[in-house]
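Novice: what follows is a predicted structure for the sequence shown.
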Amino acid sequence: MPSNRTLHFLSLLAVLAMLGAAAMIFLYAPQDALQGPVQRIFYLHVSAAIAGFACFGLVVGGSVAYLWKGSVRGDRVARSAALVGLVMLTVNIFMGIVWAKPIWNWDPAQTWDAKFTTTVVLWLIYGGYLLIRRFAAAGRAQMRLAAIVGIFGFADVPIVYESVNWWRTLHPGPVLVTAGGPAMPAPMLQTFVVTQLAVLFLTGVLVAIRYRIEVLREEQARRQQTAMLELAAE
(Lines give C-alpha, C1' and ligand atoms only; values in the text may rest on other atoms or scores of the structure.)
Protein backbone atom coordinates (compact mmCIF):
# COMPACT_ATOMS: atom_id res chain seq x y z
CA MET A 1 0.00 0.00 0.00
CA PRO A 2 1.46 3.43 -0.94
CA SER A 3 2.64 5.60 1.95
CA ASN A 4 1.11 8.98 2.71
CA ARG A 5 4.14 10.70 1.21
CA THR A 6 3.80 8.69 -2.00
CA LEU A 7 0.10 9.47 -2.23
CA HIS A 8 0.79 13.17 -1.69
CA PHE A 9 3.34 13.13 -4.52
CA LEU A 10 1.02 11.20 -6.85
CA SER A 11 -1.83 13.60 -6.02
CA LEU A 12 0.36 16.55 -6.98
CA LEU A 13 1.26 14.85 -10.26
CA ALA A 14 -2.43 14.17 -10.93
CA VAL A 15 -3.31 17.84 -10.37
CA LEU A 16 -0.51 18.93 -12.70
CA ALA A 17 -1.65 16.43 -15.32
CA MET A 18 -5.21 17.75 -15.16
CA LEU A 19 -3.96 21.33 -15.44
CA GLY A 20 -1.96 20.33 -18.50
CA ALA A 21 -5.03 18.69 -20.01
CA ALA A 22 -7.09 21.81 -19.30
CA ALA A 23 -4.46 23.94 -21.05
CA MET A 24 -4.68 21.74 -24.13
CA ILE A 25 -8.49 21.79 -24.07
CA PHE A 26 -8.76 25.58 -23.93
CA LEU A 27 -5.53 26.75 -25.60
CA TYR A 28 -4.46 24.05 -28.05
CA ALA A 29 -7.52 22.22 -29.38
CA PRO A 30 -9.31 24.13 -32.16
CA GLN A 31 -12.87 25.30 -31.63
CA ASP A 32 -15.51 23.14 -33.25
CA ALA A 33 -16.98 24.92 -36.27
CA LEU A 34 -20.56 23.76 -35.61
CA GLN A 35 -20.90 23.53 -31.83
CA GLY A 36 -18.56 26.29 -30.74
CA PRO A 37 -16.90 26.46 -27.31
CA VAL A 38 -19.36 24.06 -25.63
CA GLN A 39 -17.84 21.19 -27.63
CA ARG A 40 -14.78 21.38 -25.37
CA ILE A 41 -16.87 19.54 -22.77
CA PHE A 42 -16.35 16.45 -24.95
CA TYR A 43 -12.82 15.83 -23.67
CA LEU A 44 -13.78 15.52 -20.02
CA HIS A 45 -17.23 14.05 -20.69
CA VAL A 46 -15.89 11.02 -22.56
CA SER A 47 -12.75 10.65 -20.44
CA ALA A 48 -14.80 10.53 -17.24
CA ALA A 49 -17.03 7.82 -18.71
CA ILE A 50 -14.07 5.64 -19.66
CA ALA A 51 -12.50 6.19 -16.23
CA GLY A 52 -15.78 5.16 -14.61
CA PHE A 53 -15.92 2.00 -16.73
CA ALA A 54 -12.35 1.19 -15.70
CA CYS A 55 -13.31 1.56 -12.02
CA PHE A 56 -16.27 -0.76 -12.45
CA GLY A 57 -13.91 -3.23 -14.12
CA LEU A 58 -11.83 -3.09 -10.93
CA VAL A 59 -15.01 -3.75 -8.95
CA VAL A 60 -15.55 -6.89 -11.01
CA GLY A 61 -11.95 -8.02 -10.58
CA GLY A 62 -11.96 -7.40 -6.84
CA SER A 63 -15.35 -9.07 -6.42
CA VAL A 64 -14.26 -12.18 -8.34
CA ALA A 65 -11.12 -12.36 -6.21
CA TYR A 66 -13.25 -12.24 -3.07
CA LEU A 67 -15.83 -14.81 -4.20
CA TRP A 68 -13.20 -17.17 -5.61
CA LYS A 69 -10.45 -16.97 -3.02
CA GLY A 70 -11.96 -14.98 -0.16
CA SER A 71 -9.52 -12.14 -0.84
CA VAL A 72 -10.08 -9.31 1.63
CA ARG A 73 -7.82 -7.12 -0.48
CA GLY A 74 -9.98 -7.82 -3.51
CA ASP A 75 -13.08 -6.79 -1.61
CA ARG A 76 -11.30 -3.64 -0.44
CA VAL A 77 -10.29 -2.78 -4.03
CA ALA A 78 -13.89 -3.25 -5.15
CA ARG A 79 -15.21 -0.95 -2.42
CA SER A 80 -12.65 1.72 -3.25
CA ALA A 81 -13.11 1.58 -7.02
CA ALA A 82 -16.92 1.63 -6.84
CA LEU A 83 -16.99 4.99 -5.09
CA VAL A 84 -14.49 6.61 -7.45
CA GLY A 85 -16.26 5.09 -10.46
CA LEU A 86 -19.56 6.56 -9.31
CA VAL A 87 -17.95 9.99 -8.97
CA MET A 88 -16.56 9.75 -12.52
CA LEU A 89 -19.90 8.62 -13.89
CA THR A 90 -21.59 11.54 -12.12
CA VAL A 91 -19.15 13.91 -13.84
CA ASN A 92 -19.94 12.25 -17.17
CA ILE A 93 -23.71 12.58 -16.73
CA PHE A 94 -23.55 16.18 -15.52
CA MET A 95 -21.20 17.27 -18.31
CA GLY A 96 -23.39 15.52 -20.87
CA ILE A 97 -26.48 17.41 -19.72
CA VAL A 98 -24.60 20.72 -19.80
CA TRP A 99 -23.36 19.95 -23.31
CA ALA A 100 -26.73 18.81 -24.67
CA LYS A 101 -28.77 21.77 -23.45
CA PRO A 102 -27.35 24.48 -25.75
CA ILE A 103 -26.83 22.11 -28.70
CA TRP A 104 -30.22 20.35 -28.81
CA ASN A 105 -32.16 22.31 -26.16
CA TRP A 106 -32.48 18.87 -24.62
CA ASP A 107 -34.54 18.19 -21.51
CA PRO A 108 -33.91 14.65 -20.20
CA ALA A 109 -37.36 14.68 -18.57
CA GLN A 110 -39.05 15.25 -21.94
CA THR A 111 -37.01 13.44 -24.62
CA TRP A 112 -35.80 9.86 -24.21
CA ASP A 113 -32.18 9.16 -25.03
CA ALA A 114 -30.74 5.65 -24.95
CA LYS A 115 -27.23 6.68 -23.96
CA PHE A 116 -28.44 8.84 -21.10
CA THR A 117 -30.92 6.25 -19.83
CA THR A 118 -28.50 3.32 -19.82
CA THR A 119 -25.84 5.48 -18.15
CA VAL A 120 -28.25 6.50 -15.40
CA VAL A 121 -29.13 2.82 -14.91
CA LEU A 122 -25.42 2.07 -14.51
CA TRP A 123 -25.17 4.89 -11.96
CA LEU A 124 -28.10 3.44 -10.02
CA ILE A 125 -26.60 -0.06 -10.03
CA TYR A 126 -23.33 1.02 -8.49
CA GLY A 127 -25.10 3.51 -6.25
CA GLY A 128 -27.02 0.48 -4.98
CA TYR A 129 -23.73 -1.37 -4.54
CA LEU A 130 -22.49 1.41 -2.26
CA LEU A 131 -25.77 1.41 -0.32
CA ILE A 132 -25.28 -2.30 0.34
CA ARG A 133 -21.78 -1.59 1.63
CA ARG A 134 -23.10 1.23 3.81
CA PHE A 135 -26.31 -0.13 5.31
CA ALA A 136 -26.30 -3.95 5.10
CA ALA A 137 -25.08 -5.74 8.22
CA ALA A 138 -21.29 -6.02 8.06
CA GLY A 139 -19.92 -9.50 7.45
CA ARG A 140 -19.41 -12.11 4.77
CA ALA A 141 -23.04 -12.05 3.65
CA GLN A 142 -22.77 -8.33 2.90
CA MET A 143 -19.49 -8.82 1.05
CA ARG A 144 -20.90 -11.66 -1.05
CA LEU A 145 -24.07 -9.73 -1.94
CA ALA A 146 -22.07 -6.65 -2.90
CA ALA A 147 -19.69 -8.76 -4.99
CA ILE A 148 -22.58 -10.31 -6.92
CA VAL A 149 -24.13 -6.88 -7.60
CA GLY A 150 -20.74 -5.50 -8.64
CA ILE A 151 -20.14 -8.33 -11.10
CA PHE A 152 -23.56 -8.52 -12.72
CA GLY A 153 -23.92 -4.72 -12.75
CA PHE A 154 -20.99 -4.51 -15.16
CA ALA A 155 -23.21 -6.07 -17.83
CA ASP A 156 -24.67 -2.59 -18.37
CA VAL A 157 -21.29 -1.17 -19.44
CA PRO A 158 -21.32 -2.70 -22.96
CA ILE A 159 -24.98 -1.70 -23.25
CA VAL A 160 -24.05 1.92 -22.51
CA TYR A 161 -21.26 1.72 -25.07
CA GLU A 162 -23.40 0.20 -27.83
CA SER A 163 -26.59 2.14 -27.10
CA VAL A 164 -25.99 4.68 -29.87
CA ASN A 165 -25.74 1.80 -32.36
CA TRP A 166 -28.70 -0.21 -31.07
CA TRP A 167 -31.34 2.52 -30.65
CA ARG A 168 -32.38 5.79 -32.25
CA THR A 169 -30.92 8.44 -30.01
CA LEU A 170 -30.11 12.12 -29.85
CA HIS A 171 -26.61 11.26 -28.71
CA PRO A 172 -24.11 11.43 -31.60
CA GLY A 173 -22.48 8.27 -32.87
CA PRO A 174 -18.90 7.21 -32.15
CA VAL A 175 -16.15 9.60 -33.26
CA LEU A 176 -13.15 7.82 -31.76
CA VAL A 177 -13.73 4.23 -32.87
CA THR A 178 -15.00 4.26 -36.46
CA ALA A 179 -14.29 2.21 -39.57
CA GLY A 180 -12.10 4.96 -41.02
CA GLY A 181 -10.33 5.82 -37.77
CA PRO A 182 -11.01 8.71 -35.37
CA ALA A 183 -13.36 11.25 -36.97
CA MET A 184 -11.65 14.36 -35.63
CA PRO A 185 -8.66 16.55 -36.49
CA ALA A 186 -5.26 15.57 -35.11
CA PRO A 187 -5.10 18.40 -32.51
CA MET A 188 -8.48 17.36 -31.11
CA LEU A 189 -7.44 13.71 -30.99
CA GLN A 190 -4.16 14.60 -29.27
CA THR A 191 -6.02 16.71 -26.73
CA PHE A 192 -8.42 13.86 -26.03
CA VAL A 193 -5.59 11.36 -25.55
CA VAL A 194 -3.79 13.67 -23.10
CA THR A 195 -7.05 14.37 -21.22
CA GLN A 196 -7.91 10.69 -21.07
CA LEU A 197 -4.50 9.77 -19.68
CA ALA A 198 -4.71 12.58 -17.11
CA VAL A 199 -8.19 11.53 -15.99
CA LEU A 200 -7.18 7.87 -15.75
CA PHE A 201 -4.12 8.82 -13.69
CA LEU A 202 -6.26 10.97 -11.40
CA THR A 203 -8.75 8.11 -11.09
CA GLY A 204 -6.01 5.66 -10.15
CA VAL A 205 -4.70 8.04 -7.48
CA LEU A 206 -8.20 8.49 -6.06
CA VAL A 207 -8.71 4.72 -5.89
CA ALA A 208 -5.36 4.36 -4.09
CA ILE A 209 -6.33 7.08 -1.61
CA ARG A 210 -9.69 5.46 -1.02
CA TYR A 211 -8.02 2.08 -0.55
CA ARG A 212 -5.77 3.54 2.14
CA ILE A 213 -8.80 5.07 3.85
CA GLU A 214 -10.46 1.65 3.90
CA VAL A 215 -7.35 0.08 5.43
CA LEU A 216 -7.18 2.74 8.14
CA ARG A 217 -10.88 2.30 8.90
CA GLU A 218 -10.43 -1.44 9.31
CA GLU A 219 -7.43 -0.93 11.58
CA GLN A 220 -9.39 1.55 13.69
CA ALA A 221 -12.32 -0.87 13.97
CA ARG A 222 -9.97 -3.67 15.08
CA ARG A 223 -8.39 -1.42 17.71
CA GLN A 224 -11.81 -0.42 19.03
CA GLN A 225 -12.91 -4.05 19.16
CA THR A 226 -9.74 -5.06 20.98
CA ALA A 227 -10.17 -2.21 23.47
CA MET A 228 -13.78 -3.24 24.16
CA LEU A 229 -12.75 -6.87 24.72
CA GLU A 230 -9.99 -5.81 27.11
CA LEU A 231 -12.39 -3.55 28.96
CA ALA A 232 -14.95 -6.35 29.26
CA ALA A 233 -12.28 -8.73 30.56
CA GLU A 234 -11.33 -6.39 33.43
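Specialist: The structure has been received and is ready for your questions.

Novice: drop to CA atoms for contacts and neighbour counts, all remaining ones
Specialist: Noted.

Novice: quick check: closest non-adjacent residue to Met184.
Specialist: Leaving aside its chain neighbours, Met184 sits nearest to Val175 (7.0 Å; criterion: CA to CA, 6 or more residues apart in numbering).

Novice: got phi/psi on that neighbour?
Specialist: Dihedral pair for Val175: phi -120, psi -10, per degrees, to the nearest 10.

Novice: what pLDDT does it get?
Specialist: Val175 carries a pLDDT value of 73.

Novice: correct me, but it touches Leu189?
Specialist: No - using CA atoms under 8 Å, Val175 makes no contact with Leu189, being 9.9 Å away.

Novice: out of these two, name the residue with the larger neighbour count.
Specialist: The neighbour comparison of Val175 against Leu189 (other CA atoms under 10 Å) goes to Leu189, with 17 against 13.

Novice: on that earlier part again, anything in contact with each of Val175 and Leu189?
Specialist: Pro182 (CA atoms under 8 Å, 6 or more residues apart in numbering).

Novice: where does the protein have low pLDDT?
Specialist: Scanning the chain for pLDDT under 70 picks out 1-2, 108-110, 179-180, 227-234.

Novice: biggest helix in it, by residue count?
Specialist: Longest helix in the chain, counting residues (DSSP state H): helix 186-233.

Novice: gap between Val177 and Met184?
Specialist: Remark: distance between Val177 and Met184 (CA to CA, to the nearest Å) = 11 Å.

Novice: likewise Leu216?
Specialist: For Leu216 relative to Met184 (CA to CA), the value is 46 Å.

Novice: what of Ala141?
Specialist: To Met184, Ala141 is 49 Å away according to CA to CA.

Novice: do Met18 as well
Specialist: Distance from Met18 to Met184, by CA to CA: 22 Å.

Novice: okay, the two: which has more neighbours?
Specialist: Met18 (20 against 12).

Novice: element containing that one?
Specialist: Secondary-structure element containing Met18, defined by DSSP states H and E: helix 4-23.

Novice: buried stuff in that helix?
Specialist: Neighbour counts over helix 4-23 (16 or more other CA atoms under 10 Å) mark 7, 10-11, 13-14, 17-18, 21-22 as buried.

Novice: again, but for stretch 154-172
Specialist: 154, 156-157, 159-164, 169-170.

Novice: next, format the residues you listed as a markdown table and append secondary structure and distance to Trp104.
Specialist: Output for those, formatted as a markdown table (DSSP: H, G, I helix; E, B strand; the rest coil; distance: CA to CA, whole Å):
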| residue | secondary structure | distance to Trp104 |
| --- | --- | --- |
| Phe154 | coil | 30 |
| Asp156 | helix | 26 |
| Val157 | helix | 25 |
| Ile159 | helix | 23 |
| Val160 | helix | 20 |
| Tyr161 | helix | 21 |
| Glu162 | helix | 21 |
| Ser163 | helix | 19 |
| Val164 | helix | 16 |
| Thr169 | coil | 12 |
| Leu170 | coil | 8 |
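
Novice: out of those residues, flag the one nearest to Leu145.
Specialist: Phe154 (14.5 Å; CA to CA).

Novice: any idea which element the residue nearest to the closest one when sequence neighbours are not counted lies in?
Specialist: Among residues not flanking Phe154 along the chain, Phe56 sits closest, at 6.6 Å (CA to CA, 6+ apart). Secondary structure from DSSP H and E places Phe56 in helix 41-69.

Novice: so which elements touch that helix?
Specialist: Applying 3 or more CA pairs under 8 Å, 6 or more residues apart in numbering; DSSP states H and E, we find helix 41-69 packed against helix 72-104, helix 140-153, helix 186-233.
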